[in-house]
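Asks: for reference, the sequence and a predicted model appear below.
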Amino acid sequence: MSLPPDALHDGDLLAAVDLGSNSFHMVVAQRVLGQLRVVDRLRETVRLAEGLDRNGRLAAEVQARAIACLARFGQRIAELPPRHIRAVATHAVRQLRSPETFLIPAERALGHAIDVISGREEARLIYLGVAHEQPPRRGQKRLVIDIGGGSTECIIGSGMQPLERESLQVGCIASTRRFFPDGRLSARRWQAARTEIAAEFQQFAATYRRLGWSEAIGSSGTNKAIGEICAKLRLSKGAVTAAALPVVRERLLACGHVDAIDLPGLSDDRRPIIAGGVLILEAAFNALDLQRMQVSAAALREGVLHDLLGRGGEDDPRLSSVAALMQRYGADLAQAQRVEATALRLFDQVASEWQLDADARRLLAWAARLHELGLAIAHSGYHRHGAYLLQNSDIAGFSQQGQNYLAALVRCHRRSVPRNAFEMIPDRLLAHARHSAALLRLAALLHRARGDAIPPGLQLRADGEALIFRVDGRWLQSHPLLRADLDTECEDMSGLGVRLKLVID
């Protein structure tokens, strides 16, 4: 049931945009002999997390700063095909009470869609970036720690695959603001904060230590900055060590205030948030019994690039994720194949009129494969159960918007369509989602008897928001249950804003 991959060729340019809680990054790379060669990098300190209040509102001046940055990034990638670009947003955008109020102008400025990814998906991509930039020895397990502005990701992996992923709601900006709100640094405050953060690591520390690792690697700017401080203080040659961290901490505390921090090797833009970063890393070292951590230049953005390269070939992680879900919940493979084949056949007949693209086709196929997941819980309301599983699971390769899209299609593939079914779908995807749900409904209905028999010469045509379905009269007369279902569907599909018209020949 594999879908044809998007072809990538040598010479193609790919771009990854990372909307981090502290900095926005963009990396542009060229595909050369199946590998990636970086040709351009852009980075701007935006401090998105700094503009968040406790109610999930973003300060107007911070949003303006972010939009201006994305407009500059957008100029650089304006000529690239959309399928060669992926932009991802992390913790700060996840915390917004109303993400669309930021995402709509942000996507307009960038000229491209922005995927909001979960913390565990962020962890997967971070590991992917580090693993490609610093290939591990065969059979070796490694621990990767990434301290961002709003969250910290911890991953144990082997080869190119993460084995364990955790995302903690502690980051260098958030922790500095939370534990040192007035900027004052003291040993008492530090000890209390470290104890609280260590409790977050203790939730998985025993599991990680039991699994073990051969080396530890720190990624992203905070770990890199701490490594540079250690090197300048001649505490190491760029690594972070258990012996060096207390020295760095005491140097910080001696400054007395965040604004007075003056450490060798520390940049001006990193100074206001370094205290939170050192605090988190010291807690991690203590909880995980770390002695030494190398620093990697790779991070989320490199992982996004390599993931994008995989999506353009045979290594799309979403394919294996869909297959894993089907296996985990015991999906009926034959029925999934039948519904998928018919849904795609219908899609191809109306794609031009409804302006449905390759991404919509791909998502419809996956929704067809997954539409019966909820049967593993109960037959009654299984479409609701399936939608819940898709919306709330950690599914590698998918953004939050992508999972919500699949969930909406599965939720609406049968029975009545609730008014709030598409409330989590971005406006730019809303028409595609409604139209694809209509096609999935029709395909599932045609295979309700769980057989291969469908009307001969299956014909579907779109006319505005209407679907004209032509059916052979004699064939339909011999399938009275389907005839009754189609009559009912003419009413039920209206909940999608689509009118089904049955034409009997």
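Replies: Looks like it arrived, so ask away.
Asks: on contacts alone, who are the packing partners of the host helix or strand of Gly218?
Replies: Per DSSP states H and E, Gly218 falls inside strand 215-219. Counting contacts by 3 or more Cβ pairs under 8 Å, 6 or more residues apart in numbering; DSSP states H and E, strand 215-219 packs against helix 119-133, strand 141-147, helix 220-232, strand 292-295. Placement of C-beta: from N, CA and C, glycine included.
Asks: what pLDDT, on average, does the last one get?
Replies: So that's strand 292-295. The average of the pLDDT scores along strand 292-295 is 98.
Asks: going by neighbour count, list what's buried in that strand.
Replies: 293-295 (16 or more other Cβ atoms under 10 Å).
Asks: the closest residue to His9 other than its chain neighbours: what secondary structure?
Replies: Leaving out its chain neighbours, the residue that sits closest to His9 by Cβ to Cβ, 6 or more residues apart in numbering is Arg31, at 7.0 Å. Look at Arg31: counting by DSSP: H, G, I helix; E, B strand; the rest coil, its state is strand.
Asks: please apply the same query to His112.
Replies: Strictly by three-state DSSP, His112 counts as coil.
Asks: for Ile155, grab the count of nearby residues.
Replies: 29 (other Cβ atoms under 10 Å).
Asks: state the distance from it to Asn55.
Replies: Distance, Ile155 to Asn55, using Cβ to Cβ, to the nearest Å: 31 Å.
Asks: got it, and Val248?
Replies: If you go by Cβ to Cβ, the gap between Val248 and Asn55 works out to 34 Å.
Asks: now swap in Val503 and tell me
Replies: Counting by Cβ to Cβ, the gap from Val503 to Asn55 is 53 Å.
Asks: more neighbours, the two?
Replies: Between Val503 and Asn55, counted using other Cβ under 10 Å, the more crowded position is Val503 (11 against 6).
Asks: A strand includes that one, no?
Replies: Yes. Assessed by three-state DSSP, Val503 belongs to a strand.
Asks: wait, it touches Val471, no?
Replies: Yes. The pair Val503 and Val471 passes the contact test of Cβ atoms under 8 Å, sitting 7.2 Å apart.
Asks: any stretches of the protein with poor pLDDT?
Replies: Residue ranges of the chain with pLDDT under 70: 1-7, 312-313.
Asks: select the longest helix from it.
Replies: Criterion DSSP state H: the longest helix present in the chain is helix 187-211.
Asks: buried residues in that helix, which are they?
Replies: For helix 187-211, a neighbour-count test (16+ other Cβ under 10 Å) marks 190, 193-194, 197-198, 200-201, 204-205, 208 as buried.
Asks: what pairs with the helix or strand Ala462 falls within, and is each one parallel or antiparallel?
Replies: For Ala462, the host element (DSSP H and E) is strand 459-463. Paired with strand 459-463 in the same sheet, following DSSP bridges, are strand 466-471 (antiparallel).
Asks: CA atoms of the partner strand as CSV?
Replies: As requested, the backbone C-alpha atoms of strand 466-471 are provided in CSV (Å, rounded to 0.1, in the frame of the first residue of the first chain):
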residue,chain,number,x,y,z
ALA,A,466,-21.7,19.3,-4.8
LEU,A,467,-20.7,15.7,-5.5
ILE,A,468,-22.5,14.0,-8.4
PHE,A,469,-22.4,10.2,-8.0
ARG,A,470,-23.5,8.2,-11.1
VAL,A,471,-24.6,4.7,-10.4
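Asks: who touches it?
Replies: 350, 438, 442, 455, 457, 459-462, 486, 493, 498-505 (Cβ atoms under 8 Å, 6 or more residues apart in numbering).
Asks: quick one on the thing from earlier: and the helices and strands packed on strand 215-219 as JSON lines, adding distance to Gln337?
Replies: Putting the helices and strands packed on strand 215-219 into JSON lines (distance: least, Cβ to Cβ, whole Å) gives the following:
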{"stretch": "helix 119-133", "distance to Gln337": "28"}
{"stretch": "strand 141-147", "distance to Gln337": "37"}
{"stretch": "helix 220-232", "distance to Gln337": "42"}
{"stretch": "strand 292-295", "distance to Gln337": "47"}
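Asks: please identify which of the ones you listed is closest to Ala78.
Replies: helix 119-133 (24.3 Å; Cβ to Cβ).
Asks: now the helix or strand hosting Asp18 against helix 220-232, angle please.
Replies: Asp18 belongs to strand 13-19 when assigned by DSSP H and E. Counting by axes from the mean of the first three to the mean of the last three Cα atoms, to 10 degrees, strand 13-19 lies at 80 degrees to helix 220-232.
Asks: so how many other residues sit close to Leu309?
Replies: Neighbours of Leu309 (other Cβ under 10 Å): 19.
Asks: what's the helix or strand containing it packed up against?
Replies: Using DSSP H and E, Leu309 maps to helix 300-311. Contact here means 3+ Cβ pairs under 8 Å, 6+ apart; on that basis helix 300-311 packs against strand 13-19, strand 23-32, strand 35-45, strand 85-89, helix 119-133, helix 317-328.
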